[in-house]
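>>> Okay, here's the prediction I keep looking at, along with the sequence it came from:
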Amino acid sequence: MSVLEMKVPSPGESITEVEIATWLVKDGDYVEKDQPIAEVDSDKATLELPAEQSGIITLKAEEGDVVQVGQVVCLIDMDAAKPEGAAPAAEAPKQEEAPKAAEPVKQEAPKPAAPVAAPQTYATGAPSPAAKKILDEKGMDAGQVSGTGRDGRITKTDAELAAVPALGGSPLTATGSRSTTTTKLSVLRRKIAQRLVSVKNETAMLTTFNEVDMSEIFRLRKQYKEEFAQKHGVGLGFMSFFTKAVTRALAMYPDVNASIDGDFKVNYDFCDISIAVSGPKGLMVPVLRNAENMSFSAVEANIKDLATKVRDGKITVDEMTGGTFTITNGGTFGSMLSTPIINPPQSAILGMHNIIQRPVAVDGQVVIRPMMYVAMSYDHRIIDGKESVGFLVAVKEGIDNPVEILMGGDERKGLGL
């Protein structure tokens with residue numbers, strides 16, 4: 001018999017273990033070669049595990065197990081023949097079970113004695129002994145509680161849910177569901193939590209704020225949306241403008257595009273921009289490599305490709321490794337203002353927010369403009385307040401006046417049209 005031992009492949013450099021998030025097949029199923037059989041979580045991404053050969057599978061690990069890279073997680077019997085469809089056999093038990101299901105129903109008829117023998121040791125509206133003990137501990141009178149038992153009797157559950165009245169007010173009794181559900185965090189979510197806590201503990205993080213006028217970007221998108229999409233095959237979104245504005249500002253303030261390595265500061269001559277994308281397994285930050293050299297259409301196409309991979313669970317560790325600066329857009333979920341957390345080992349992050357039509361003063365006149373608050377969190381250990389404010393002002397300049405600042409005065413040429 002030829003049996004293949006399937007081992008956990010390495011998802012990427014420095015990853016030594018993964019967690020079996022979900023088995024997509026059952027023990028004893030027949031699987032086809034390259035068929036996804038499991039989803040595994042690493043501390044950086046969720047990846048699919050495909051079957052290496054066709055055959056009957058035997059699972060050697062359970063969901064939630066943490067397994068080492070190279071460990072055997074299942075066996076595949078490659079000599080096993082693909083089973084034929086067995087629909088007729090599956091219908092047989094249903095015919096046999098029908099008469100058996102009817103018998104217990106008849107036997108349950110003579111049951112009225114059980115409720116009659118229930119609580120007869122206390123009067124209508126009075127608490128049971130267990131309920132009375134709980135009410136005494138709470139210092140409550142039975143008259144303050146509404147009973148849900150037979151004839152209004154106060155049960156143990158009624159007493160447990162009864163709230164002690166505050167300052168002589170009327171008693172409050174919880175009436176809705178109070179159930180709880182406990183689930184284990186995925187290894188990815190645990191790693192994210194660990195990293196976020198370490199950022200708060202290990203960096204001198206501050207946040208500075210500003211606002212940007214989106215009027216010109218709205219005009220450009222409205223005027224060139226169809227032509228841009230027809231020529232480049234992607235839509236003209238907001239992220240390309242912010243990415244271009246950020247790469248320009250990073251060239252002006254190089255310490256924002258740096259990180260700390262022990263007692264040393266590392267400056268990067270390139271701009272690898274991490275774009276925060278919400279996926280089914282949590283927030284992912286795929287990276288645009290050398291974004292400073294990308295055109296508007298290249299930024300949009302790369303972001304679309306990476307976001308699709310994140311949402312489909314196809315993103316690789318390499319595509320999320322690195323990054324020198326992060327952009328996150330909480331405005332897509334309705335956030336008006338927030339303080340984003342730095343993505344280590346980076347030293348700064350830009351937070352975008354929702355766009356609101358607000359009255360603003362322009363040349364001494366009050367006008368209505370589409371405005372957005374922006375926030376920049378930064379590590380004060382290597383970025384001073386002057387640099388952080390100057391950087392955010394440079395971003396604002398690019399957004400407020402994209403034609404002159406980001407396109408060299410020629411909007412059509414700047415958009416590649």
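Perfect, I can see it now.
>>> Show me where the stretch 151-300 of the chain has its strands.
In order along the chain, the stretch 151-300 of the chain carries the following strands (DSSP state E, counting those that start in this stretch): 162-163, 172-173, 205-213, 258-261, 264-267, 273-275, 277-279, 282-284, 287-288.
>>> which one of the ones you listed is the most hemmed in?
strand 273-275 (a mean of 26; mean count of other Cβ atoms under 10 Å). Bear in mind the C-beta positions are built from the backbone N, C-alpha and C, glycine included.
>>> and the strands of the stretch 151-300 of the chain as CSV, adding mean pLDDT and distance to Val72?
Formatted as CSV, those follow (pLDDT from 0 to 100; distance: least, Cβ to Cβ, whole Å):
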stretch, mean pLDDT, distance to Val72
strand 162-163, 70, 54
strand 172-173, 56, 55
strand 205-213, 95, 44
strand 258-261, 92, 38
strand 264-267, 92, 40
strand 273-275, 94, 35
strand 277-279, 81, 29
strand 282-284, 76, 28
strand 287-288, 93, 33
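>>> among those strands, which is nearest Val197?
Nearest to Val197, of all the strands of the stretch 151-300 of the chain, is strand 205-213, at 12.3 Å by Cβ to Cβ.
>>> any idea how far the residue most central in space within the chain is from Arg178?
Against the mean C-alpha coordinate of the chain, by Cα atoms, centre = their mean, the closest residue is Gly282 at 2.3 Å. As judged by Cβ to Cβ, to the nearest Å, Gly282 and Arg178 stand 28 Å apart.
>>> distance of Glu292 from Tyr268?
10 Å.
>>> repeat for Ile76
From Ile76 to Tyr268 the distance is 45 Å (Cβ to Cβ).
>>> repeat for Ile20
With Cβ to Cβ as the criterion, Ile20 and Tyr268 are 37 Å apart.
>>> just Met252 next, same as before
Note on Met252: its distance to Tyr268, by Cβ to Cβ, is 14 Å.
>>> Now do stretch 6-18: distance to the chain's middle.
22 Å (Cα atoms, centre = their mean, to the nearest Å).
>>> Report the buried residues of that stretch.
For stretch 6-18, burial by neighbour count (16 or more other Cβ atoms under 10 Å) applies to 6, 8, 11-12, 17-18.
>>> which two in these are spaced the farthest apart?
Using Cβ to Cβ, the buried residues of stretch 6-18 span at most 18.8 Å, a distance reached by Met6 and Gly12.
>>> now the lengthiest strand in the chain: mean pLDDT?
Assignment by DSSP state E gives strand 365-379 as the longest strand of the chain. Strand 365-379 comes out with an average pLDDT of 95.
>>> again with stretch 234-249
94.
>>> mind listing what's buried in it?
In terms of neighbour count (16+ other Cβ under 10 Å), stretch 234-249 has its buried residues at 234, 236-249.
>>> Could you do stretch 300-320 as well?
Of the residues in stretch 300-320, those buried under the neighbour-count criterion (16+ other Cβ under 10 Å) are 300-303, 306-307, 309-310, 315, 317, 319-320.
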